[in-house]
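> have a look; sequence and predicted model below, questions after that.
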Amino acid sequence: MGIIYIFVVVCEIVFVKCQIPSDNFLFGTTGSNVVWFLNGTKEWTDSNKKPTSTGINFTQNFQGLHGTSYFHARNYLVFSYAGTKSIFLSDITSKRNVYSYIGTSSSVGHVAVDWLSGNVYWCDGTFGWIGMLPLPASVERASINDKFKVVVDKYLDIPAGIAVEPSHQWIFWTDIGKQPKIERSSLEGKERNVLVLHGLILPVSITVDTTNNRIYWTDPIRGTIESCDFYGNNRKVLRTDINAQYYGIEVYKNFVFVSETSKNEMLVFSDTDGRQVSDPYGPGVKVLSIGYYTNENQVVNNAACATKGCEHICIIGSDSAATCTCQDGYTLQTNGLQCAAETQVLERSIVFVNNSKICALPITYINIYQHLKILPDCDVGGVSSGAITHIAINVAEDAIYFTVDTIIYRQQFYQTASSIYTASSQITGLTFDWVTNIFYWTISESNMIYKGSISGTTQTILNPEAVISLKKPTYITISPLESVIFAVTGENSKQIEIVNLSNSSSNSLQNTALTNPKWLIYNRQKDRLYWTDVRKIGSISSSGTGLKFITIDGIENLHGIGVYKDYLLWLQSSGSSTKMHVDELNSADLTYSFVMDDLSSPSMFVFYDKNIQPHGNVPCVKDNGGCQQICVVHGYFEKCDCHLGYQLQADEKSCISETLDTTSFLTIDKLSNRLYKVYNSTEIYSVDTGVISPTDVTVNYKTDSIIWIESSSGNSIKSIKMDGTSETTITSESSAITSVDVDASTSNIYYTTPDSIKVL
């Protein structure tokens, strides 16, 4: 593939001069196409001399430079580029810039460079993985690449910040998803450990202090800069300011540099006591990710990869020896150096039905199509004639199941399809339970859902059974771990029903706002059922709450639909043209689409990824791992934990809070919406009540009661005994209650509203 250069010649007029400093300088991204450079960084830190700024416009057509790092030995600056969904690098000596990798999501996060092995790592928030790629020896030898290696893709939600410490063979990253945390693994994504679990809300950036063996991170919601050692111990708050929005972070010697995005300032603090070393500097733009370009932070003390001769990727292991590995889709050869492309093997892919054929494209094609042409692989499967009407996949066996009229077929990838069952009438729905290896299907001339499994020497479905009677069920899909099936039912009046397989019972999940729902698909991670309908896409939780619709303009026909990680995809046709539409569910970006011009008649699709069909033994997948509050995967094993203020009990699953006494004081944490009791020994415990949104709190020591304003329940005042019993509502107001206190001599409760003071 050819080199794609992006020329860097434009200087932003809001900056002082148009020249990149030569060395020892701070730089950062701005979320646009401008990279910001600080001139006089050392003078700023050493003598508080006011620096100046340079802003370089790296591209003309795209916005969205986000994460940044550098590779001093090769004079590279490295960026994640949301605008072009790429990893892109700049040679500051030759002034040439190239795409190193194409195919990230627009929610690509921070990047980090392993300067010993010459590899770049990045976090991808929508794909939910950490990717890695070797950097070219020079930009002249670089070529645009759609191949890379996923090093971590299990038990991640929204990875954001990333840092590398190659001397210890570790990568560190932050996860800003449902359960924020900071983790560590080897350079190959093995030996995973959760380092920090509590006291995090949005840890967006992380960096490594290679001198003192510590990591630092920022949390703009909490307004904190914190650090701990490489094992998660000795945690310290370096700086806290509830009004600050600390974002990017970098360490150089005994300085901690931070970008502050609410005031658009650059700050520098001492790494020992958090004091501000120099006056804040306002660069005139909002700086996000930052780096400090210096060879002192990238000491080369192991050159094993330089002489190893790996064709694809070299990694220095825990024994300090160099080891070769390959990009995804390739196999390491017996000489331990070369990589051979795997043939007739699918990597993370979208598997399409194209009339009578089964075709595949890499899942990253949804972000590559603008830059690279990749032809679909239509040798994956299919039959010689007849239109395929339904499809299911068995990831563990690399097999697909599909229907043509009345016949169910089974086919190993790239092998010949074989008939495994013939129904009495046209099959109108098909799904596969990968936990029990049972098929479920519906037919046009029946009100039943049927089931069966492959058995016998003929490897066909023998003795199918009726599961449940519903009114004309079609378009079924299954959630195997919950043992439930979702089905469209009815003829003239449609509804969506949920079937409990454990007792063969059914309930209506959605029976309004439906015209002709089709192509049901359930996503367990989001606990949402999705479907297409006339000019809209619907979704709802498995409990029947949170109904949502996406309106589709025009008169196009909607076909298959699917959810992969945080992507919602669907097919939409008009005349002879079919487009794939893409919606990033965790992004505010608009939905985009592209024409499937290399497929004549794409009608539906499934995803192929070894991780999308977990069995019951996958950590924390089923019933929260049995944990009362938090289930966390340490390495590859589940472990229960508790929210701040609770203690894990001897059963290692349940959590309780300590009883309040007079040696503690109460406080409200408005970030977590909890009441906490703090002891003189600095021990913190949660007040274990139904409190959801407290706004003020006081104590009546005569009655041993906690009294607080609960704004979530109609502006009420509540109380509870210090032993956690007798929770009651004292009074409620139609308007807001703004404060509350107790007269210690009389136990009278005084409270205020916007226009009055009242007493109880």
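Perfect, thanks for sending it. What you see is a predicted model, and the numbers here were worked out from it, not measured in a lab. Numbers count the residues shown, from 1 in each chain.
> from now on I want contacts and neighbour counts done on CA atoms only, so please keep to that.
Noted.
> ok, and the helix or strand in this protein with the lowest average confidence?
Across the helices and strands of the chain, mean confidence by mean pLDDT, DSSP states H and E is lowest for strand 10-11: a mean of 43.
> quick one: contacts of the helix or strand containing residue 559?
Using DSSP states H and E, residue 559 maps to strand 557-564. Defining contact as CA atoms under 8 Å, 6 or more residues apart in numbering, one finds that strand 557-564 is touched by 127, 519-521, 523, 530-535, 568-574, 603-607.
> any regions of the chain where pLDDT drops low?
1-18, 59-62, 616, 658-664, 670-673, 677, 679-685, 687-692, 713-714 (pLDDT under 70).
> remind me, longest helix of it?
Ranked by residue count under DSSP state H, the longest helix found in the chain is helix 41-47.
> ok, the next helix or strand after it: who's next to it in the sheet?
For helix 41-47, the following helix or strand on the C-terminal side (DSSP H and E) is strand 52-57. Within its sheet, and counting by DSSP bridges, strand 52-57 is paired with strand 10-11 (antiparallel), strand 34-39 (antiparallel).
> now the element after strand 52-57, going C-ward?
Immediately after strand 52-57, counting by DSSP H and E, sits strand 65-71.
> report all helices and strands that that following strand contacts.
The helices and strands touching strand 65-71, judged by 3 or more CA pairs under 8 Å, 6 or more residues apart in numbering; DSSP states H and E, are strand 25-29, strand 76-81, strand 108-114, strand 290-293.
> quick one on the thing from earlier: in strands, which of the contacts of strand 557-564 fall?
519-521, 523, 530-533, 568-574, 603-607 (DSSP state E).
> select only the buried ones of those in PyMOL?
Filtering the ones in strands among the contacts of strand 557-564 down to the buried ones (16 or more other CA atoms under 10 Å) takes a single PyMOL command:
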select buried, resi 519+520+521+523+530+531+532+533+568+569+570+571+572+573+603+604+605+606+607
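> centroid residue for this protein?
residue 158 (2.4 Å; CA atoms, centre = their mean).
> okay but that residue is in contact with residue 110, surely?
No - judged on CA atoms under 8 Å, residue 158 makes no contact with residue 110 at a distance of 11.8 Å.
> ok, now how distant is residue 202 from residue 558?
Applying CA to CA, to the nearest Å, the value for residue 202 to residue 558 is 37 Å.
> higher neighbour count, those two?
residue 558 (25 against 21; other CA atoms under 10 Å).
> distance of that one relative to residue 463?
35 Å.
> ok, now residue 626?
From residue 626 to residue 463 the distance is 37 Å (CA to CA).
> looking at the two, which is more packed in?
residue 626 (17 against 11).
> helix, strand or coil for the residue nearest to that one when sequence neighbours are not counted?
Among residues not flanking residue 626 along the chain, residue 653 sits closest, at 6.6 Å (CA to CA, 6 or more residues apart in numbering). When classified by DSSP: H, G, I helix; E, B strand; the rest coil, residue 653 comes out as coil.
> between the strand holding residue 559 and strand 602-608, how big is the angle?
10 degrees (axes from the mean of the first three to the mean of the last three CA atoms, to 10 degrees).
> coming back round to it: dump the strands paired with strand 52-57 to a markdown table, plus distance to residue 333 and mean neighbour count.
Listed next are the strands paired with strand 52-57 as a markdown table, based on distance: least, CA to CA, whole Å; neighbours: other CA atoms under 10 Å:
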| stretch | distance to residue 333 | mean neighbour count |
| --- | --- | --- |
| strand 10-11 | 46 | 16 |
| strand 34-39 | 41 | 24 |
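> which of those sits closest to residue 393?
Ranking the strands paired with strand 52-57 by distance to residue 393, with CA to CA as the measure, places strand 34-39 first at 44.9 Å.
> what are the contacting residues of that closest one?
Contacts for strand 34-39 (CA under 8 Å, 6+ apart): 12, 20-21, 25-30, 51-59, 65, 287.
> just the buried subset of those, please.
Buried subset of those (neighbour count, 16+ other CA under 10 Å): 20-21, 25-30, 51-59, 65, 287.
> for residue 581, see how far away residue 445 is.
If you go by CA to CA, the gap between residue 445 and residue 581 works out to 34 Å.
> more crowded one of these two?
Neighbours per residue, other CA under 10 Å: of residue 445 and residue 581, the larger number sits with residue 581, 17 against 12.
> now do the SS call for the more buried one.
Here residue 581 is strand, with the state taken from three-state DSSP.
> same thing with the one 5 residues further on?
Per three-state DSSP, the local secondary structure of residue 586 is coil.
> pretty sure it contacts residue 126?
Yes - counting by CA under 8 Å, residue 586 touches residue 126, with 6.9 Å between them.
> so what sits against both of these two?
With CA under 8 Å, 6+ apart, residue 586 and residue 126 have common neighbours residue 566.
> so which of the two has more stuff around it?
residue 126 (23 against 12).
> okay, now the sheet partners of the helix or strand hosting residue 391, with direction.
Assessed by DSSP H and E, residue 391 sits inside strand 390-394. Using DSSP bridges, strand 390-394 pairs in its sheet with strand 399-404 (antiparallel).
> tabulate the CA atom coordinates of the strand it pairs with in PDB.
The C-alpha atoms that make up strand 399-404 are tabulated as PDB, following Å, rounded to 0.1, in the frame of the first residue of the first chain:
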ATOM      1  CA  ALA A 399     -19.600 -22.400  11.700                       C
ATOM      2  CA  ILE A 400     -22.700 -20.600  10.300                       C
ATOM      3  CA  TYR A 401     -26.300 -21.800  10.100                       C
ATOM      4  CA  PHE A 402     -28.700 -20.300   7.600                       C
ATOM      5  CA  THR A 403     -32.000 -21.000   6.000                       C
ATOM      6  CA  VAL A 404     -33.200 -21.200   2.400                       C
END
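> that one: how far from the chain's middle?
Between the centre of strand 399-404 and the centre of its chain there are 31 Å (CA atoms, centre = their mean, to the nearest Å).
> enumerate every residue touching the closest residue to residue 505 other than its chain neighbours.
The shortest distance from residue 505 to any non-neighbouring residue, by CA to CA, 6+ apart, is to residue 499 (5.7 Å). For residue 499, the contacting residues are 484, 485, 486, 487, 505, 506, 507, by CA under 8 Å, 6+ apart.
> show the buried residues in those.
484, 485, 486, 487, 506.
> so which of those belong to strands?
Those of the buried ones among the contacts of residue 499 lying in strands (DSSP E): 484, 485, 486, 487, 506.
> just give the number of residues close to residue 422.
Neighbour count of residue 422, defined by other CA under 10 Å: 17.
> so how many other residues sit close to the residue nearest to it when sequence neighbours are not counted?
Leaving aside its sequence neighbours, residue 422 sits nearest to residue 407 (CA to CA, 6+ apart; 4.5 Å). Look at residue 407: counted by other CA under 10 Å, it has 18 neighbours.
> measure residue 414 to residue 359 for me?
Computed as CA to CA, the residue 414 to residue 359 distance reads 10 Å.
> what's the span of stretch 644-651, first residue to last?
18 Å.
> can you point out the buried residues in that stretch?
Residues of stretch 644-651 classed as buried by neighbour count (16+ other CA under 10 Å): 644, 645, 646, 647, 648.
> just give the nearest non-adjacent residue to the third one, would you?
The one in question is residue 646. Sequence neighbours aside, residue 657 is the residue nearest to residue 646 in space, at 4.6 Å (criterion: CA to CA, 6+ apart).
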